[in-house]
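>>> sequence-free structure coming up:
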Ligand SMILES: Cc1cc2nc3c(=O)[nH]c(=O)nc-3n(C[C@H](O)[C@H](O)[C@H](O)COP(=O)(O)OP(=O)(O)OC[C@H]3O[C@@H](n4cnc5c(N)ncnc54)[C@H](O)[C@@H]3O)c2cc1C
């Protein structure tokens, strides 16, 4: 059946776009190659509980519309304010408390928020799109086509992918489980400055609220580039750095590594989205900085623009 809009990519930007377009009266279909929606809002069940392996948290920011969505999630127990305080670990190993905006987390894992946004939409998972052109997806009529994914992924589908010129950095996310918590009770997360191997440590038990002794550690892009074909190869360096920085005596009982080849763009386009007849784009490269809220706003604004036209 013909649709007004086909969104390729069921991450938070694609879902926000689809919702806004559908709320504006358009018929919308979302296609995603993954088994489930969410993209980089990624929670995987490890050791009998969901672990956030993509985004660590989100910030609400200035947008009243996103704040409204987040308030709905909070009311239904899907999201909760986590912390405004992380530790910053300097090059000399010195630790300092760093206050910032409130970071929000999801008790069931951040992917649950994407699942919530997908509610009521026509979403086709496990559908890998091979080629797009204005008004067409894989040779079929598709209405307005929206590419809601990192530019390099979009560039595989068309030689006129908006935003394809931006560089993206990889990250390997490594989940580490100990049998008991071995780090300070007030350590919720840590920015690691100027380290060759790791850039951020999150206490997954703390953010999810179940207290499980699980950390998720993000590598630097430099470390990730060595292990793109074998993400598990990053685990020994990540374990050594984490133990060293947090003073943990033992090796973890279990580990898991996930590769993000396109984790974040190194620059932003500076525009909220790309709109052209038949082929538009949204995502976290469209906005001021790559983040969950940016991706949502980009998709939402594009959906409104599509409904308006
Ligand atoms: C390790 C890591 C840590 C992060 N930490 C934070 C954080 O703490 N706070 C924060 O705000 N943000 C963070 N981010 C960024 C945040 O996750 C992203 O900004 C946001 O999730 C991007 O959403 P998106 O919809 O733009 O893209 P994506 O989530 O990447 O969605 C793109 C979708 O397109 C699909 N797709 C791709 N190609 C095809 C195809 N050919 N056919 C069909 N489907 C396709 C993919 O399966 C995917 O679902 C982090 C990201 C990573 C990777």
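Perfect, thanks for sending it. Nothing here was measured: the structure is a model prediction, and the numbers come from that model.
>>> List the contacts of the residue nearest the centre of the chain.
Note on the chain: the residue nearest the mean C-alpha position is residue 40, at 3.1 Å, using CA atoms, centre = their mean. Going by CB atoms under 8 Å, 6 or more residues apart in numbering, residue 40 touches 11, 54, 55, 260, 263, 284. All C-beta spots, glycine's among them, are computed from the backbone N, C-alpha and C.
>>> of those, closest to the ligand?
Nearest to the ligand, judged by CB to the nearest ligand atom, of these is residue 11 at 2.2 Å.
>>> what sits against the closest residue to residue 23 other than its chain neighbours?
Spatial nearest neighbour of residue 23, excluding adjacent residues (CB to CB, 6 or more residues apart in numbering): residue 307 at 7.3 Å. For residue 307, the contact set (CB under 8 Å, 6+ apart) comprises 20, 21, 23, 24, 25, 26.
>>> Most neighbours among the contacts of residue 40, please name it.
Highest neighbour count within these, by other CB atoms under 10 Å: residue 11, with 30 neighbours.
>>> Tell me the spatial nearest neighbour of that one, not counting adjacent residues.
The shortest distance from residue 11 to any residue other than its chain neighbours is 2.8 Å, reached at residue 39 (CB to CB, 6+ apart).
>>> Identify each buried residue in the longest helix along the chain, please.
As assigned by DSSP state H, the longest helix anywhere in the chain is helix 292-308. Buried residues in helix 292-308, counted by 16 or more other CB atoms under 10 Å: 292-307.
>>> Stretch 264-281 now?
Using 16+ other CB under 10 Å as the test for burial, stretch 264-281 gives 264, 265, 268, 269, 272, 273, 274, 275, 279, 280, 281.
>>> Find the helix or strand that the first one is a member of.
It refers to residue 264. Using DSSP states H and E, the element containing residue 264 is strand 254-265.
>>> near the ligand at all, that strand?
Yes: using CB under 6 Å from any ligand atom, strand 254-265 reaches the ligand at 260, 263, 264.
>>> Same list (the residues you listed) but as TSV, adding pLDDT.
Converted to TSV, these look like this (pLDDT from 0 to 100):
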residue	pLDDT
260	98
263	98
264	96
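>>> which bits of the chain sit near the ligand?
Those residues of the chain that sit near the ligand, judged by CB under 6 Å from any ligand atom, are 8-14, 31-34, 39-41, 54-58, 128-129, 148-150, 153, 157, 171, 173, 218, 260, 263-264, 283-284, 290-292, 295.
>>> Out of the contacts of residue 307, name the ones that lie in helices.
20, 21, 23.
>>> What pLDDT does the model give the first one?
pLDDT for residue 20: 98.
>>> Contacts only, for it.
Taking CB under 8 Å, 6+ apart as the test, what residue 20 contacts is 299, 300, 301, 302, 303, 304, 306, 307.
>>> Closest to residue 241 out of the contacts of residue 307?
When the contacts of residue 307 are compared for distance to residue 241 (CB to CB), residue 20 wins out at 41.7 Å.
>>> Ignoring the adjacent residues along the chain, who's closest to the closest one?
Spatial nearest neighbour of residue 20, excluding adjacent residues (CB to CB, 6+ apart): residue 303 at 2.6 Å.
>>> Report the separation between the one you found and residue 254.
From residue 303 across to residue 254, the span is 41 Å (CB to CB, to the nearest Å).
>>> now do residue 216
For residue 216 relative to residue 254 (CB to CB), the value is 13 Å.
>>> and these two? which has more neighbours close in?
For residue 216 and residue 254, the more surrounded residue by other CB under 10 Å is residue 216, and the numbers stand at 23 against 12.
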